[in-house]
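> dropping the sequence and predicted coords here.
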6 protein chains.
Amino acid sequence: MKLLVINPNISTDVSELIEAESRRNLHPGTELTVVTARAGMQYIETRLESLIAAPAVAQAISEHRGADAVVVAAFGDPGLPALKELVDVPVVGITEAALAAASLLGKRFSIIAISGRITAWYRECVDLHGYLPRLASIRSLQDPLEAIGTVQDDFRTQLVELANRAVRHDGADVIILAGAPLAGLAREVVDEIPVPVVDGIAAGVNFAQSLVAMNTGAHRAGSFSAPPAKPRSGLSPELDELLGERQRLRSPSADPAVVEEQA
Amino acid sequence: MKLLVINPNISTDVSELIEAESRRNLHPGTELTVVTARAGMQYIETRLESLIAAPAVAQAISEHRGADAVVVAAFGDPGLPALKELVDVPVVGITEAALAAASLLGKRFSIIAISGRITAWYRECVDLHGYLPRLASIRSLQDPLEAIGTVQDDFRTQLVELANRAVRHDGADVIILAGAPLAGLAREVVDEIPVPVVDGIAAGVNFAQSLVAMNTGAHRAGSFSAPPAKPRSGLSPELDELLGERQRLRSPSADPAVVEEQA
Amino acid sequence: MKLLVINPNISTDVSELIEAESRRNLHPGTELTVVTARAGMQYIETRLESLIAAPAVAQAISEHRGADAVVVAAFGDPGLPALKELVDVPVVGITEAALAAASLLGKRFSIIAISGRITAWYRECVDLHGYLPRLASIRSLQDPLEAIGTVQDDFRTQLVELANRAVRHDGADVIILAGAPLAGLAREVVDEIPVPVVDGIAAGVNFAQSLVAMNTGAHRAGSFSAPPAKPRSGLSPELDELLGERQRLRSPSADPAVVEEQA
Amino acid sequence: MKLLVINPNISTDVSELIEAESRRNLHPGTELTVVTARAGMQYIETRLESLIAAPAVAQAISEHRGADAVVVAAFGDPGLPALKELVDVPVVGITEAALAAASLLGKRFSIIAISGRITAWYRECVDLHGYLPRLASIRSLQDPLEAIGTVQDDFRTQLVELANRAVRHDGADVIILAGAPLAGLAREVVDEIPVPVVDGIAAGVNFAQSLVAMNTGAHRAGSFSAPPAKPRSGLSPELDELLGERQRLRSPSADPAVVEEQA
Amino acid sequence: MKLLVINPNISTDVSELIEAESRRNLHPGTELTVVTARAGMQYIETRLESLIAAPAVAQAISEHRGADAVVVAAFGDPGLPALKELVDVPVVGITEAALAAASLLGKRFSIIAISGRITAWYRECVDLHGYLPRLASIRSLQDPLEAIGTVQDDFRTQLVELANRAVRHDGADVIILAGAPLAGLAREVVDEIPVPVVDGIAAGVNFAQSLVAMNTGAHRAGSFSAPPAKPRSGLSPELDELLGERQRLRSPSADPAVVEEQA
Amino acid sequence: MKLLVINPNISTDVSELIEAESRRNLHPGTELTVVTARAGMQYIETRLESLIAAPAVAQAISEHRGADAVVVAAFGDPGLPALKELVDVPVVGITEAALAAASLLGKRFSIIAISGRITAWYRECVDLHGYLPRLASIRSLQDPLEAIGTVQDDFRTQLVELANRAVRHDGADVIILAGAPLAGLAREVVDEIPVPVVDGIAAGVNFAQSLVAMNTGAHRAGSFSAPPAKPRSGLSPELDELLGERQRLRSPSADPAVVEEQA
């Protein structure tokens, strides 16, 4: 199978961390492509930065077609779940994958984050995916980062300490080390934290391959099928072409007959 | 005051409907600018179409600076709440405004929508804003639209009938006629529907002016203040400039000291 | 338009604060009447005191008929949402208005209150209106009040400090200064608090006028239409007369056909 | 022990039904007083009617002091939970008692109601008490009532049929026959409905006696202790006297030290 | 009536505490049987220990048939609500009874527990019963227990102190002293805690008798009726016989016609 | 790695279906053991049957030690999450795995079940895992089953029809074919259902292997670590030995320092 992993940010050093951890989790025969966003920020801390990253991910998907699954490799899942409408293969965010993994390992989890500003956006992302009742806490570094590509080295001690505090004081049964800049750290500190530790990249890459293995089929109807055709303009040629193809393959009866939906 | 109303879609006929209903709700002295997105779709029915519309709205805000408040005039609130981080004045979506108005008029409400496909996205938008427990139902047209600019004329009878069914069968205390293509319809059919009827454009324009009148101050700290400065590339010149200005005015102590956040 | 603002408490000095802040928020042409409850407490801190205030508000509405909108000017919204059934114009509580305003300005908010005892009742009111998931915290003064009419002067420093702690430690994106005794304080301290600050009176007066401007129509059916006629006794002459009129105008088919309602 | 049961409505024929069912559930030695509200409606179908009934219940409690427990005998629990602040003995609403009983008998329940209009108010009452996730459905009579005192005889067949439909179609594990006018009906139809059937009066009278037997102590602190003393006027002499006595016995340190309350 | 109270643990000294408190709450004419589990742990602190206890409770019910009601006397309610399917009389857990009692006495409650490890399981039990929104806090002893049968004597001062902290700092309106080892303590410390204090055994015994008095009828249909007959093996003779009898009496139309169930 | 898959029921023909689908999802090098419960029912439809199955699963785990991961192969997840405390490797239920898979594939899902009676238990299981807000519907067969091992053949047409109705009428974006008796059906009908179709066995087997590959570490502290040692009796020798070993390896500081836990 072909796995496309997209770094929604312009940080190529983080892409290297993503690629290294991705490779540690590949199934035999999986062919990996890691792509770095061509526009955007060095890393995402806020809703607005996520809004800016999302179309760059859509563009990367449009430019690298033919994958059997896509992993969006920034915590906070920019563009999700909208991007699941864009192609007929699984598109998995590393946050939703980490949350799913944490849910299978325990009941309540804490997220360890790299900045104080990032926590509000993370919390909303957890809420969007429906896992807020399981969130024990978000704890974060407070000091300014020196370089995004070396956060896990520069702050390793503090990150482990935050995790242990979450276990001891917040009731966390599982720890999520959040953010692509921390890719690969979990497996290094697993003995220093007394509960399971989840790496978003590892979760995303594993589960994306699992979904392909399960051969569950595509969205040919319902709210994740291709958007209905309608006039558009100003899109990139690649995105425009991808949308056009998807819509031509769309069944005329793809939309649900639901006329009312009781809350 | 200066009010900027943005149609996130490329449909200029819908922009005319938006402008007409906006003008019916202006306070004396309010100066109105209505802008149409320069890229995107004719109208938005899905999460992906909303993802595509969001950066076009950000671009429009960046190009039309100096407003005292901004209204994002597509139901589903593309780009919200992220866009509240972009400028230091209120940015209001017509969905969140309609939901706030409905909540002040009654307890539970129904949304009348123009297509079956649109309902899943609307439901998620209501959930995002926290109003799902008050949603009685979403009822929608089932027939294909002839032209987006004439929906409210072409389907007036059906739309009123859907609203009456929601009142009679779903327990709706308030009706929201959803979508900018229906702008202005509410005040025409108010006598044909026996509960209050909310127009998103009217709600957005009124409440945006109200927020300015309240003079509540800007986000100089917290999760809606300007994103922290960091390397970026590939943004439009206008957006890049706006972000840069916002960040230069940003207090160094803008981020919260919150290190943990119990769910 | 005619706007009726009711102080549910017997404190005329608070009524003066209410009137002053109301006048700062009137649209051109709005005619303001401020009424003080003729029975009740000096101010409300508990559910029971709210129960006692509610019929005094109903009585005030019955005695001052002909308004185009009514604002109930005590935080905690005594009598809401029941009072929305009493007249065919918008009846808005300052809490629900403040919550709606806060929701349009940010995501999570904190409430700054004037006594520790009041916080449980406020929390239940936020819950009743459905905004509990957005509540970051309630912080309150701890010292006994000297006089209800001078709280905002006597405790200005402490109130601003509580607000700043809520921003810095609780994750509040918006501050609500709660209670009619604080009417007008928000606009004075807006520069001392680094997130938007909401005044309940300002929100209530602005949004009530907005709802009238939107011309949404009345509850002629559904659960906020006039209660069905039935024998009654012991009501005040004014309330009895108002109910009688409302019921005579009531359509015989006003009640919903809903026979079951799935949760 | 002395048990005070209050009919919040002016319907003396319903008071007789309440008294008869209450007597069937008295423990040996319990002395029963049934009181009918001196002002109000024949029965309550809406929030506004409940608002009107609540002070009549407060007045009845004030006039009949010395009880060891109070039962508020109208479905919808007018005045609850505020009335728990008024005396230092348990005050139990028949709705909250019926919901507690239903929760001990199964998981999800349906409510059978006497009018369509009443259902919205009932639903909000279930929500207020926190049981909405367990509500399978509310089903109600649709025909106009002939006399409130004979509803259970006039509509016995329809009520049983509604209950059976709730079991068969809505997933109800328990049935609540709602409203004091149905007092005593549950035990007559228990063989005609294949799941447990709860009578609110029976639940209220039994559980109120249980709470007294448990000797749990009174609210001398916290949010249900006596409201802090403050100027008041216009209250009935009985209510004024009761409040005054409660406040004189109030500990000066009764209020919580909680200054912030994370949601 | 005959009341069967089951200690799900093998601790006979705790059974004595259970029996003593049960006797203090018996109605005249109630015949009490207290049974100790024949297999299991000394006391339950975790989900796994509860899993181990549950079949021992089922076995005890099977061995002691003919009761009019059953109380499962371990906080955490091992085997509930499943055990409600096993017999056609009320089966009440002391947690669900304590929660129901607390809900009738106030709004929010705190649980005082005997070990730190036990709190996660308690929290999930509160959630299972739907009362999590009312939970103010769980506070627990931190020191190792000397003997389970003397916890309430060994730690009386600390337990009272924890309760007072919950009232003062967590906003608890009611205290639940959790766990059968604390049976009887509530009535001894009621003067030392300024809000109502609930004893699970007292609540379970009182409410079980109340439910019998209410004569609500059995589950002859729905999801708590006897499980449909099907091949089984390896069950204890007593449980096998009980199941067989229940199934022979089962109506062929016991299962609901519900084919879909909207969330 | 060694994967242990446990059929919690005594149905060996279903174990064969489980084994066949498991083998289709094994990673290279995974060694599979499928075990059938030695006591219990032919299949589980109710809470009580699940209670009976749970200790049989614990026994099977105790008898087959040394696995790197365990899959509990009955929909409804009998014994979960308690069994995660029993061993220091991942223990995954097929329901929680199917729900996690569905959540990565779309937003809302429907469950297709083999009997009407089973639906209440399934709903509670979905709720326990926190996915109820994403549940669109549960639809089930209504006819009696002929043989549990041939359900997927006997009712293939009906099952596919139920799935299509869920997509068309209930808003399901993903279908879960529920229950081990349906193991393997999803991949056969994937072309007949226009949204992704999840098989619980496939999800459980894939995700269990993924969790092992992620090397997340074990619960050495927190609420899923080994239960604290304490007297016990009457357990099977295998379970007793396993518990004893786990407890000897338990760190003395395994329990959290959390003394209070705000809801």
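Here it is on my side, so go on. Numbers count the residues shown, from 1 in each chain, chains lettered A, B, ... in the order given.

> only C-alpha atoms from now on, for both contacts and neighbour counts.
OK.

> mind naming the longest helix for chain A?
Once chain A is assigned using DSSP state H, the helix that runs over the most residues is helix A:47-63.

> check which residues of that helix are buried.
By 16 or more other Cα atoms under 10 Å in any protein chain shown, the buried positions in helix A:47-63 come out as A:47-62.

> what about that helix and chain C, touching?
No: contact of helix A:47-63 with chain C (Cα under 8 Å from any Cα of the partner chain) is absent, the minimum separation being 11.6 Å.

> can you list contacts of that helix?
Contact with helix A:47-63 is made by A:6-9, A:35, A:37-41, A:44, A:70, A:72, A:76, A:78-79, A:83, A:86, A:121, A:236, A:238-239, A:242, B:51-52, B:54-55, B:79, B:81-83, B:85-86, B:227, as judged by Cα atoms under 8 Å, 6 or more residues apart in numbering or on different chains.

> residue A:196: neighbouring residues, count only.
When counting by other Cα atoms under 10 Å in any protein chain shown, one arrives at 26 neighbours for residue A:196.

> how near is it to residue A:98?
Separation of residue A:196 from residue A:98 (Cα to Cα, to the nearest Å) stands at 12 Å.

> cool, and residue A:168?
From residue A:168 across to residue A:98, the span is 21 Å (Cα to Cα).

> these two: who's more crowded?
Neighbours per residue (other Cα under 10 Å) separate residue A:168 from residue A:98, with residue A:98 holding more: 25 against 20.

> can you check the pLDDT for that one?
Predicted confidence (pLDDT) for residue A:98: 98.

> list the contacts of it.
A:176, A:198, A:199, A:200, A:203, A:204.

> shouldn't residue A:28 be within a helix?
No: note on residue A:28: no helix contains this position according to DSSP: H, G, I helix; E, B strand; the rest coil, which reports coil.

> phi first, then psi, for it.
Per-residue torsions, residue A:28: phi -60, psi 130 (degrees, to the nearest 10).

> excluding chain neighbours, what is closest to it?
Spatial nearest neighbour of residue A:28, chain neighbours left out: residue F:28 (8.0 Å); criterion: Cα to Cα, 6 or more residues apart in numbering or on different chains.

> gap between that neighbour and residue C:220?
Separation of residue F:28 from residue C:220 (Cα to Cα): 68 Å.

> more neighbours: which of the two?
Neighbour tally, residue F:28 and residue C:220, criterion other Cα under 10 Å: the higher count belongs to residue C:220, 23 against 9.

> for the more buried one, phi and psi?
According to degrees, to the nearest 10, residue C:220 has phi -100, psi -10.

> neighbours of the spatially closest residue to it that is not a sequence neighbour, how many?
Spatially, and ignoring its direct neighbours in sequence, residue C:220 is nearest to residue B:194 (4.9 Å; Cα to Cα, 6+ apart). Neighbours of residue B:194 under the rule other Cα under 10 Å: 24.

> which SSE is residue A:16 in?
Here residue A:16 sits within helix A:12-24, counting by DSSP states H and E.

> just the angle between the helix or strand following that helix and helix A:47-63, please?
Downstream of helix A:12-24, the first helix or strand assigned by DSSP H and E is strand A:31-36. Going by axes from the mean of the first three to the mean of the last three Cα atoms, to 10 degrees, strand A:31-36 is angled at 140 degrees with respect to helix A:47-63.

> from the contact counts, what lies against strand A:31-36?
Applying 3 or more Cα pairs under 8 Å, 6 or more residues apart in numbering or on different chains; DSSP states H and E, one finds that strand A:31-36 contacts strand A:2-7, helix A:12-24.

> now that strand: buried residues?
For strand A:31-36, burial by neighbour count (16+ other Cα under 10 Å) applies to A:32, A:34, A:35, A:36.
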